[in-house]
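In: Make a model of this:
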Amino acid sequence: MQENVPHAGRGEAGGETIPHWHDPEGEAMTIVEGEDATVYDDEGAAYLDFVSQLYCTNAGHSNEAITDAMTAQMERIPYVSSAKGNDVRDALAADLAEIAPGSLSEVYFSISGSEANESAAQIARTVQDAPKVLTRWQSYHGGTAGAGALTGDPSTRSTVGRYAATTGSGKFLPPLPTAFDADSPADLAKQAADHVEFVIRNEGADSVAAIMMEPVGGSSGGYPAPPGYFDRLRAICDEYDVLLIADEVITGFGRCGDWFGIDTEDVEPDMITFAKGVTSAYAPLAGVIADDWIGEAVREEGYDLGQTFAGHPVACAAGRAAIEEYESHLIDDVRELAPVLESRLTELADAHDAVETVRGRGFLWSVVFADPETGEPFVHPWAADADEAEENPVAAVREAAAEKGVLFGSGRPDVQILISPPLCTTREEIERGIAALDEAIEETFE
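Out: All right, here's what the predicted structure looks like:
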């Protein structure tokens, strides 16, 4: 191995990585190996990965079918320009058109979820000749300038917009009980959808190109919409000639128990954005699946934008293999075990006063914490000062669970713990993971 020699003029220190979402007060875990639903750190400690790293290693950490497909593609040709045709890229587009709902059949590849959402917004603005895309407060659509503007999470938007203005977006309230005074799920669905219509009217319907939202909240909290909400939303979009874009970056490829989260709502969007699970994160790949008329419109007018690594052949080979794995057994596995996960989480909520609710679908769930005396979060990081935020007991629960060998995710806002295990997770691993969370809550609050 070549000796590490400091570059002249850069001091004596060696190169260091700046982690994403870097916390100067924290210390990032170093993960060096993985097998199925388990990862190992640089000291050999094993952890059940109940966050799939970043809600993306859907097929687990050691799927040979995917790695073999990638190797075979690298031996054929490792890269083809995104402006040129390629057989494996075209084949993956055909695969995606086959599993996408309804008439969604035109695929525009990109690299990351942020870029996929930006691309969908740009395509919507182009075909609609309108500037605005509406998204929810308390949402996450990416951390680049364009996707950050679409994001409703204030910590992300404030970081992106600190030195440069972002435009072309508007916000509306999510269909959460805390946002509306509803008497029932049906009432919540009506109020939340009527609110979206109010926003469209007050923005000016002709100025609104699209609505973008996750079918089930991702890092914003694993929440599904109340029954009837998406049906009403589809009708509103049709009435005002607004496109409906489903952000499936997290919810796609089996995460919610079907190919896409929107499939669990039985509503057809105009576009789907995807990333993460399309390759089980074995290689970066993302994109947009659009209705056929949208693709035809873009082809007719031309599209003078692109990305060097969009639709990378090795990533596309990984995507084709991953789709085969999902179809052959992994989505069925989620359908079989999702009721077990839901049951254990319901028992967890019943056992702890500090757990306000659990919510989710398939293998995407959130455990929400609140002070049982006030019903308010113990610490709300978006409203707390720095000292208060450091005392967040929800973070302490995650730390305690990690000490017991299970990794969980943090929500936006961090008043909740997200549970998003690989689709290959076994019943025994679900039992063990939720037992560790149960003990961590007990230690933290009781």
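
In: Tell me where the model's unsure across the chain.
Out: By pLDDT under 70, the weakly predicted segments of the chain are 1-14, 386-387.

In: who touches the residue sitting nearest the centre point of it in this structure?
Out: With distances taken as C-alpha atoms, centre = their mean, residue 250 lies nearest the centre of the chain, 2.8 Å away. Applying C-beta atoms under 8 Å, 6 or more residues apart in numbering, we find residue 250 in contact with 55-56, 214, 218-219, 276-277, 364, 420. Where you see a C-beta, it was placed from the backbone N, CA and C, and this is true even at glycine.

In: Of those, which belong to helices?
Out: residue 55 (DSSP state H).

In: In JSON lines: the contacts of residue 250, plus neighbour count and distance to residue 176.
Out: Converted to JSON lines, the contacts of residue 250 look like this (neighbours: other C-beta atoms under 10 Å; distance: C-beta to C-beta, whole Å):
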{"residue": "55", "neighbour count": "24", "distance to residue 176": "20"}
{"residue": "56", "neighbour count": "23", "distance to residue 176": "25"}
{"residue": "214", "neighbour count": "29", "distance to residue 176": "13"}
{"residue": "218", "neighbour count": "29", "distance to residue 176": "14"}
{"residue": "219", "neighbour count": "22", "distance to residue 176": "15"}
{"residue": "276", "neighbour count": "28", "distance to residue 176": "24"}
{"residue": "277", "neighbour count": "28", "distance to residue 176": "25"}
{"residue": "364", "neighbour count": "30", "distance to residue 176": "16"}
{"residue": "420", "neighbour count": "29", "distance to residue 176": "19"}
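
In: Out of the contacts of residue 250, flag the one nearest to residue 228.
Out: residue 214 (17.6 Å; C-beta to C-beta).

In: Tell me, how many residues neighbour the residue nearest to that closest one when sequence neighbours are not counted?
Out: Once flanking residues are discounted, residue 214 sits nearest to residue 247: 4.8 Å by C-beta to C-beta, 6 or more residues apart in numbering. When neighbours are counted by other C-beta atoms under 10 Å, residue 247 registers 32.

In: Which other helices and strands does the helix or strand harbouring residue 347 contact?
Out: Residue 347 is part of helix 331-351, with elements assigned from DSSP states H and E. Secondary-structure packing of helix 331-351 (3 or more C-beta pairs under 8 Å, 6 or more residues apart in numbering; DSSP states H and E): strand 355-361, strand 364-369, helix 427-445.

In: before we move on, the earlier item: list the beta-bridge partners for the residue nearest to residue 214.
Out: Assessed by DSSP bridges, residue 247 has beta-bridge partners residue 273.

In: Make sure it is actually in contact with residue 213.
Out: Yes - counting by C-beta atoms under 8 Å, residue 247 does reach residue 213; the two are 6.4 Å apart.

In: Residue 109 should be in a strand, yeah?
Out: Yes - assignment of residue 109 by DSSP: H, G, I helix; E, B strand; the rest coil places it within a strand.

In: Quick one: residues contacting it.
Out: Contacts of residue 109 (C-beta under 8 Å, 6+ apart): 82, 89, 93, 285-287, 310-311, 316.

In: domains of this structure?
Out: 31-62+330-445, 64-326 (automatic domain parsing).

In: Which of the helices and strands packed on helix 331-351 sits closest to residue 195?
Out: The nearest among these, by C-beta to C-beta, is strand 355-361 at 19.9 Å.

In: the inter-axis angle of that closest one versus strand 364-369?
Out: 170 degrees (axes from the mean of the first three to the mean of the last three C-alpha atoms, to 10 degrees).

In: Strand 355-361 pairs with which strands, and in what direction?
Out: When DSSP bridges is applied, strand 355-361 pairs with strand 364-369 (antiparallel).

In: ok, which stretches of the protein are helices?
Out: So, for the chain - with DSSP H - the helices run 52-55, 64-76, 87-99, 113-128, 145-150, 154-160, 185-203, 229-240, 292-301, 313-325, 331-351, 386-390, 393-403, 427-445.

In: For the longest one, C-alpha coordinates in PDB please.
Out: Extracted in PDB, the C-alpha atoms of helix 331-351 (Å, rounded to 0.1, in the frame of the first residue of the first chain):
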ATOM      1  CA  ILE A 331     -41.900  -7.500  -1.900                       C
ATOM      2  CA  ASP A 332     -43.800 -10.600  -0.900                       C
ATOM      3  CA  ASP A 333     -41.600 -10.900   2.200                       C
ATOM      4  CA  VAL A 334     -42.500  -7.300   3.200                       C
ATOM      5  CA  ARG A 335     -46.200  -8.100   2.700                       C
ATOM      6  CA  GLU A 336     -45.900 -11.200   4.900                       C
ATOM      7  CA  LEU A 337     -43.900  -9.500   7.700                       C
ATOM      8  CA  ALA A 338     -45.300  -6.000   7.700                       C
ATOM      9  CA  PRO A 339     -48.200  -7.000  10.000                       C
ATOM     10  CA  VAL A 340     -45.600  -8.400  12.500                       C
ATOM     11  CA  LEU A 341     -43.700  -5.100  12.500                       C
ATOM     12  CA  GLU A 342     -46.900  -3.200  12.900                       C
ATOM     13  CA  SER A 343     -48.100  -5.400  15.700                       C
ATOM     14  CA  ARG A 344     -44.900  -5.100  17.700                       C
ATOM     15  CA  LEU A 345     -44.800  -1.300  17.300                       C
ATOM     16  CA  THR A 346     -48.400  -1.100  18.400                       C
ATOM     17  CA  GLU A 347     -47.500  -3.100  21.500                       C
ATOM     18  CA  LEU A 348     -44.600  -0.700  22.000                       C
ATOM     19  CA  ALA A 349     -46.800   2.300  21.900                       C
ATOM     20  CA  ASP A 350     -49.200   0.700  24.400                       C
ATOM     21  CA  ALA A 351     -46.400   0.000  26.800                       C
END
